[in-house]
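only geometry, no sequence info:
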């Protein structure tokens, strides 16, 4: 897998999601990475934390960090899902050096 770059994505899921639904959302993001020839390095669920500021009437959110290797296709797929699924409050994808 030549040309893969190291990335990490941090996303916040609405705190009122059921645990089963939250697990499905995280699994969907992992699947997006692996189905687009990416490789997951680590998944770190930080859990429910207070937000720096209120987002859509929420003061807390469920934080998850995924470190992965991938290319632009992986990033495009992740961004697409983050934008269309209402259960995500915020997301950030960063290329690691």
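That came in fine, so what should we check first? Nothing here was measured: the structure is a model prediction, and the numbers come from that model.

in this structure, which ranges drop under the pLDDT threshold?
1-2 (pLDDT under 70).

Mind listing residues that contact the longest strand seen in the chain?
Identified as the longest strand of the chain according to DSSP state E is strand 39-55. The contact list for strand 39-55 (C-beta atoms under 8 Å, 6 or more residues apart in numbering) reads 1, 4, 6, 12, 15, 26, 30, 33-34, 58-70, 89-90. The way it works is simple: take the backbone N, C-alpha and C, and place the C-beta from them, glycine included.

Could I get the buried residue list for it?
For strand 39-55, burial by neighbour count (16 or more other C-beta atoms under 10 Å) applies to no residue.

Tell me the first helix or strand C-terminal of it.
Sequence order places strand 58-70 as the next helix or strand after strand 39-55, per DSSP states H and E.

buried ones in the following helix or strand past that following strand?
Scanning forward in sequence from strand 58-70 by DSSP H and E, the next helix or strand is helix 72-84. Buried residues in helix 72-84, defined by neighbour count with 16+ other C-beta under 10 Å: 74-75, 77-78, 81-82.

Tell me the bridge partners for the residue nearest the centre of the chain.
Centrality entry for the chain: nearest residue to the mean C-alpha point is residue 11, 4.3 Å, by C-alpha atoms, centre = their mean. Legend: beta-bridge partners of residue 11 under DSSP bridges are residue 64, residue 91.
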